[in-house]
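Trainee: below are the sequence and a predicted model for it; my questions follow.
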Amino acid sequence: MENNMETKYSFVSQYLFINFLNTINIKKITAIDFLEEKRGIDDWLAFLESQEVLNLQQVEKLKSSPVEAKELKVFRDQWRNYFSTDQRDKSSLNSLVAHTTKVPLYFNKACEPIPSKGGTEGLLALLSYDMLLALQSGVFEKIKKCESSLCYAFFVDISGKRKWCSMEICGNREKARRHYSKKIKE
Ligand SMILES: [Zn+2]
């Protein structure tokens with residue numbers, strides 16, 4: 001895993017699927033798709049394990065078969081579109097049920113879900129399960145896109161007042177930008 005992994009992502013969410021939506025972002029003005037990078041998926045899985053979003057058992061299961069970036073990107077971009085609009089198409093929720101039916105999950109002693117199959121299908125099932133739980137607990141309505149024009153990240157806005165995915169990165173950058181543009185006008 002790269003040393004700069006921590007700074008690669010603007011923040012780490014407790015939700016697996018939010019971290020997945022955020023596998024694309026702007027770095028130095030250009031959009032970078034982490035899934036397209038060499039070893040991108042392996043690095044992402046290892047990073048989430050280090051952040052305890054995924055456990056070792058889940059990661060080992062997922063890695064037992066090949067994970068295809070192409071299929072994952074279709075899923076990610078579909079859900080990025082879904083959360084980008086206020087007119088959310090409820091029919092797309094059926095696909096989440098379909099993924100978890102195709103690859104059933106079982107639960108370990110800590111009650112954590114482990115997909116019965118690894119690879120792309122296993123990851124899609126685990127992501128779908130995570131999303132169905134979030135949907136049921138009302139988290140979907142609180143998902144927002146970061147207001148920074150230089151950031152693609154989604155986050156869960158619990159308070160209803162949050163504007164940025166991370167105060168440390170996007171909040172401070174935006175504050176600095178506003179301060180600077182104010183100075184120019186003066
Ligand atoms: Zn942001």
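Mentor: Yep, that arrived.
Trainee: now the longest helix anywhere in the chain: mean pLDDT?
Mentor: Longest helix in the chain, counting residues (DSSP state H): helix 119-136. With pLDDT averaged residue by residue, helix 119-136 scores 97.
Trainee: run the chain-centre distance for that helix.
Mentor: 12 Å (CA atoms, centre = their mean, to the nearest Å).
Trainee: and the chain, which residues reach the ion?
Mentor: S10, C146, S148, C151, A153, C165, C170 (CB under 5 Å from the ion). Glycine gets a C-beta too; all of them are placed from N, C-alpha and C.
Trainee: mind running it again at 6 Å?
Mentor: Taking CB under 6 Å from the ion as the contact definition, the chain meets the ion at S10, C146, S148, C151, A153, W164, C165, S166, C170.
Trainee: beyond the helix or strand where A98 lies, next helix or strand please.
Mentor: Secondary structure assigned from DSSP states H and E places A98 in helix 93-102. Next along the chain after helix 93-102, taking DSSP H and E as the criterion, comes strand 105-107.
Trainee: direction included, what does that following strand pair up with?
Mentor: With DSSP bridges as the test, strand 105-107 is paired with strand 113-115 (antiparallel).
Trainee: picking up where we left off before, for the helix holding A98, packing partners?
Mentor: helix 119-136 (3 or more CB pairs under 8 Å, 6 or more residues apart in numbering; DSSP states H and E).
Trainee: hey, what's the angle from the helix it packs on to helix 93-102? Just curious.
Mentor: 130 degrees (axes from the mean of the first three to the mean of the last three CA atoms, to 10 degrees).
Trainee: quick one: mean pLDDT over the helix or strand following helix 119-136.
Mentor: Using DSSP H and E, the next helix or strand after helix 119-136 towards the C-terminus is strand 143-145. Strand 143-145 comes out with an average pLDDT of 94.
Trainee: helices or strands up against the helix or strand just after strand 143-145?
Mentor: Downstream of strand 143-145, the next assigned helix or strand under DSSP H and E is strand 154-156. Strand 154-156 is packed against helix 16-21, strand 143-145, with contacts defined by 3+ CB pairs under 8 Å, 6+ apart.
Trainee: buried deepest among the ones you listed, which one?
Mentor: helix 16-21 (a mean of 24; mean count of other CB atoms under 10 Å).
Trainee: which outside residues touch that one?
Mentor: Residues outside helix 16-21 that contact it (CB atoms under 8 Å, 6 or more residues apart in numbering) are 9, 12-13, 44, 48, 53-54, 72, 76, 79-80, 83, 126-127, 130-131, 134, 143, 153-156.
Trainee: repeat that for stretch 81-93.
Mentor: Contacts with stretch 81-93, where a contact means CB under 8 Å, 6+ apart, come from L21, Q78, W79, L135, F140, I143, K145, F154.
Trainee: same thing but at 6 Å, please
Mentor: With contacts defined as CB atoms under 6 Å, 6 or more residues apart in numbering, stretch 81-93 is touched by I143, F154.
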